[in-house]
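Colleague: Okay, sequence plus prediction incoming.
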Amino acid sequence: MKTFQKWDYKTKTYLPYDIPNDWDICLYSEDMDKIINCAECGKEFNFGSCFTSRTIHSNFGFGYAVCKECYDKEIKTEKNDTTTS
């Protein structure tokens, strides 16, 4: 497993986030046709159709690539968790 960091809106801290070693997750690519895995669910898709994760970040705070379905879930979670603060 590779360990990254995932933002938790309730605790307002990063928590360790493990992904399988065989997933190819990406922050950036010049090749829009490169096949990568969604950093959240592992689904394969091309980099050019990715969304930037609002929760799974590099050590510098940049979001990893996620699929549209996972991005939509992140937005919903963010709205729910930040409106109850």
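Modeller: Noted; the coordinates are in hand.
Colleague: In this structure, what residue spans correspond to helices?
Modeller: For the chain, applying DSSP state H gives helices covering 68-83.
Colleague: In it, where is pLDDT below threshold?
Modeller: 82-85 (pLDDT under 70).
Colleague: Recalculate using a threshold of 50.
Modeller: Low-confidence segments of the chain, defined by pLDDT under 50: 85.
Colleague: Run through the strands of it in chain order.
Modeller: With DSSP state E as the criterion, the chain has strands at 2-8, 13-19, 35-37, 44-46, 51-57, 63-66.
Colleague: Number of residues surrounding Ile57?
Modeller: Wrong residue type there; residue 57 is His, not Ile. The tally of other residues near His57 (other C-beta atoms under 10 Å) stands at 20. Backbone N, C-alpha and C define where each C-beta goes, glycine included.
Colleague: Isn't it up against Leu15?
Modeller: No: judged on C-beta atoms under 8 Å, His57 makes no contact with Leu15 at a distance of 11.3 Å.
Colleague: Now for those two: what residues contact both?
Modeller: When contacts are counted by C-beta atoms under 8 Å, 6 or more residues apart in numbering, the set common to His57 and Leu15 consists of 5-6.
Colleague: Determine which of the strands of the chain approaches Ile75 most closely.
Modeller: Of all the strands of the chain, the one in closest proximity to Ile75, counting by C-beta to C-beta, is strand 51-57 (6.8 Å).
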